[in-house]
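Trainee: predicted structure and sequence below. I'll ask about it afterward.
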Amino acid sequence: MMRVLGYLAKRLVFVIPQLLGIVLVSFLLVKSIPGDPAVLMLGPTATPDAVASLRESLGLEQPLYIQFFIYVKNILHGDLGTSWQTTRPVLEDLVQRFPATLELVTLSLLLAVVVGVTLGVFAAKQPNGWVARLADLYGLSAGALPDFWFALVLIFVFYTLLGWAPAPLGRIDMIVIPPEPITGAYTIDALLASDLDAFGSALAHLVLPVLALGLLNAGPILKMTQATVEKMLDSDFSRYEVLCGVPHNLVVRHALRNALPSIVTIISVLYGYLIGGAVLVEIVFSWGGAGQYAVQGVLNSDIYPVLGFVLFSAIFSLMVYIVVDLIYVLLDPRISN
Amino acid sequence: MSQLAVTSEQGLESRPRTAAAPLVDIKDLRVDFSGADEPKQVLKGVSLSVLPGEIIGLVGESGAGKTTLARSILGVPPAPGRIRTGEVVFDGRNILALPELELRKLRGRRLSVVVPNPRAELNPTMTIGRQIGAMARIHLGVSRAEAARLALAMLRDVQIPDPERRMNAYPHELSGGMAQRVVIAMALICNPAFIISDDATSGLDVTVQAQILSLLSRLATGHRSSLLFITRDIGITAHFCDRVAVLYAGEIMELAPRESLFLKPAHPYTLTLLAAFSHSPKLRDTWSVPQTGRRQIQVGGCSYANRCPLAQPTCSERRPPFAEIGPGHFARCHFPVSPE
Amino acid sequence: MLAIVSLCARIAVIRPRFAVGYLIVAIVAILAILAPLIAPYSPTEADSTNFLQSPGGSHLFGTDNVGMDIFSRAIYAPRIDLTIAILGTVLSALLGGSIGALVGYYSSGRGIRVWVSFAVMRAADVLQAFPVFVFAIALVASLGQSIQTVVLAIAFVNAPIYLRLMRSQVLSLRSMRYVEASTVNGLSDFQTITRHVIPNAMAPVLAQLSINVGWGILLTAALSFIGAGVRAPTPEWGSMIAMGFQNVVTGQWWPSMFPGAMLAITVFGFSLVGASIEVLADPAKRRQLLNDARQRPAGRAAAASKRQSLEQV
């Protein structure tokens, strides 16, 4: 236990400089986006004096490195700046939108894991069977399909043609009142409030985007599972198990157990990637998520939302990696030494 | 040394030598390795009968086909091996012809293999207690608790120090000698009738080797199982094997009761192997032939011809038959050496 | 050259999917080059009386909501998408690969070079921790929206991949005898790297190139979809999908579906070609594939029956 805590502390110490690096790079990147924030905030009818005084108060006349220090100082106080589009603090906006993205991405990843690992194990069990061929094809196509187009196809089939899915206009029906935000995820909050109407509506709206993201991202998981389990089945210990008369299914299960570290790795990479990578699906379904927020920020020269989003997603990724490293210690008995 | 001699003597007395029907009858086993071009013949027709309760030593150098033979007997030749033809008759049936499901039930239960290099062969993510217990659960159908009890008992049998703690150890935490004992435990927990020990003592310290040897022979005798003891070291077989066979390039070159082989060796290759241990300088000089030259180039004719100091033209032309040259003593040679 | 082509042909026969990949890429390349000759209409000519015509008749793929012929636009699009993707990918390979080779070569040994290598690797870490898509959009937004900036965006996003690839290849090759020998023989570091190290590290890079071109096309389409890439009315698959977006919901599927399908098939083809290069460039895999083919008739039957028996529970 002490060893685990010590390991955690060491990792967390390294997180700070990494975060600082990420914030620095995004700051520089975002500062190079043309567009005067003061002008954008006040609108086209602003007088030059008003613009000048706003620039003064925003510190825009200061040299770049001083602006950076000010930004970092503000972050430490919980101030991530203000969005001129929503006119609200970025922190507030993100706290509202990040859970939407997280809910979507987490459920999609769950689907991807179920589909990918199952197909991958079956493909590895019977490398010449039709499941393996299907899995190969699936892996290739899933990487080739553009997610925004696939989402459109799903909408066309299940909404326009079949009428099974609700209209792709957000996370919940317009006539249903969203549940009280405790976690920010509509499904969880609705269950906590025992509000079955909201739960049903939120779930129905989640089906198509989760299908889109989940089915496409199952590809890499499938390929990694298939490749690693096949490798394990070819290893000395698997052959020894066969020599000892262990039933085939058990051999495969043990191989999967030994393949878990690699599979967990790719899941964690996908998780971090999807926070920003879900943005196109968010746009297609008008999800109101954090990625969409950041993209709108970039397109409208609203820089603080972009910075805030990068910070949030970087922190999230780093936390995922730390959790994954802890999982490794549990999974592989050789590591603890 | 003397301790081992005592043990083997006791063993000799307690082993029944009556039954004429073999426990395991290997008939003309041929195994190929699929290669870049043509398949390579690794086992060229191995035939061997093992009597119940018997300990047979099989001596072969690296690449002779020892591991291939050990695993092919159970129908699982090492990759990229393929059993071309041959039978392994056990319990009245050719087990190689059985459906995989049936054969699986026999592996580990009635016939088992003790593998070399055990730390690479054990599952790295399972405790050894669970791995040993798994054998009991799969083959004997016992509960998890009962399997753990049996595994612990087995660990004691193989004389692992501090067995209770070791039950929860992982393979990478064990030394080579301990891992070897674990693998022996796994091979014996279901009380098989036939045990194959494949080079189980190579890579271990000499003292540990001696311990493992005496352990194996004691357990085999105690369980009344037959043991096929495969090794690279002919000297070891002198202590406790009833019969000894010599394997070269995928063929058995000589097979004889222990005394016959060591006192009256007939095949030139056997003599070369024995020369290393001999006290007679003349013998050593005659038979210590440099083992150079490629092994497998003989197509037709004796596989050993290109290295044999007694080779004649006939040896490269015709494959010698496996002929009986004495009571229970067989040699595959056109010109077997007569006792000097 | 001829040897490579014949090898490709043999591999394509053994694995039909590779043949499919080559075919797709060939067709797309032909379309890109010959579009002006094949297209029945101009890609930017809008006939407002004929908008949202369903496919068939004089408009094979139908028309979009301003009356432009979708078929013509769809086959003109590869010119833009392929050009951007190929340029961007090649640039990323050159940029990332050269830095990666240097970093790998100097990653141990003398003084300050080690520190610089270390710093470059940490910088690459930070770069890769970025949400890829947001980074690309931000780059485009800061440099101005044009074809050149999309190319640069692809280059920057993919450079770390080649950096790591070349670095790991160089690291493993460094210790090889012939590299040490060349240094002893008096070749400068630069000569050693270019003459010995890089040619032997090429194999995985080549396989990655083809797959990256596919990703580059996807990224270009994605950027154009949200309006940060190629501007309308330039024909580009992503922007075509965006233009037809609302129409899909109301039932007119053709303005978005056709370009999307072509996009998917094209990227699929590049992935297949990349997979075939992976086999071609790795001597071990090449040998295995040719071996499998040789043993196929008997081997497949035998392997199939063995597998069947292994799979019985």
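Mentor: Arrived safely, thanks for sending.

Trainee: what about the host helix or strand of A:Gln96, near chain B?
Mentor: According to DSSP states H and E, A:Gln96 maps onto helix A:90-125. No. Applying Cβ under 8 Å from any Cβ of the partner chain, one finds helix A:90-125 separated from chain B by no less than 14.2 Å. No exception for glycine: its C-beta is placed from N, CA and C like everyone else's.

Trainee: buried stuff in that helix?
Mentor: A:90-91, A:93-94, A:96-105, A:107-109, A:111-113, A:115-117, A:119-125 (16 or more other Cβ atoms under 10 Å in any protein chain shown).

Trainee: and the nearest residue to B:Ile252 once chain neighbours are set aside, how many neighbours?
Mentor: Excluding the flanking residues, the one nearest B:Ile252 by Cβ to Cβ, 6 or more residues apart in numbering or on different chains is B:Ala245, at 5.2 Å. Look at B:Ala245: counted by other Cβ atoms under 10 Å in any protein chain shown, it has 23 neighbours.

Trainee: run through who's touching the strand or helix carrying B:Ala245.
Mentor: Using DSSP H and E, B:Ala245 falls within strand B:243-248. For strand B:243-248, contacts defined as Cβ atoms under 8 Å, 6 or more residues apart in numbering or on different chains pick out B:46, B:48, B:54, B:56-61, B:64-66, B:69, B:234, B:237, B:252-258, B:261-262, B:267, B:269-270, B:273, B:303-304, B:328.

Trainee: all strands of the stretch 201-340 of chain B, in order?
Mentor: For the stretch 201-340 of chain B, the strands defined by DSSP state E, counting those that start in this stretch occupy B:226-231, B:243-248, B:251-257, B:322-326, B:329-332.

Trainee: the last one pairs with which strands, parallel or anti?
Mentor: In the sheet containing strand B:329-332, its partner strands are strand B:251-257 (antiparallel), strand B:322-326 (antiparallel), by DSSP bridges.

Trainee: show residues contacting it.
Mentor: Residues contacting strand B:329-332 (Cβ under 8 Å, 6+ apart): B:251-257, B:260-261, B:264, B:266-267, B:302, B:320-325.

Trainee: show me which of those are buried.
Mentor: B:251-257, B:260-261, B:264, B:266-267, B:302, B:320, B:322, B:325.

Trainee: not counting sequence-adjacent ones, nearest residue to A:Phe122?
Mentor: Using Cβ to Cβ, 6+ apart, the closest residue to A:Phe122 is A:Val131 (4.5 Å).

Trainee: and C:Ser98, by the same measure?
Mentor: C:Met166 is the one closest to C:Ser98 (Cβ to Cβ, 6+ apart), at 7.7 Å.

Trainee: what about that neighbour, how many residues nearby?
Mentor: 27.

Trainee: just confirm C:Ile265 contacts C:Leu23, I think it does.
Mentor: No. Between C:Ile265 and C:Leu23 there is no contact under Cβ atoms under 8 Å: 10.5 Å.

Trainee: who has more neighbours, these two?
Mentor: C:Ile265 (17 against 14).

Trainee: any part of the helix or strand containing the more buried one near chain A?
Mentor: Element membership for C:Ile265, per DSSP H and E: helix C:254-281. Yes. Using Cβ under 8 Å from any Cβ, we find that helix C:254-281 touches chain A at C:256-257, C:260, C:263-265, C:267-268, C:270-272, C:275.

Trainee: what residues are bridge-paired with C:Thr63?
Mentor: Under the criterion used (DSSP bridges), C:Thr63 bridges to C:Asp69.

Trainee: isn't there a strand covering B:Val76?
Mentor: No. Going by DSSP: H, G, I helix; E, B strand; the rest coil, the assignment for B:Val76 is coil, not a strand.

Trainee: can you count the residues close to it?
Mentor: B:Val76: 21 surrounding residues under other Cβ under 10 Å.

Trainee: per-residue confidence at it?
Mentor: Confidence at B:Val76, expressed as pLDDT, is 90.

Trainee: what does the one 5 residues further on give?
Mentor: Reported pLDDT at B:Gly81 in the predicted model: 85.
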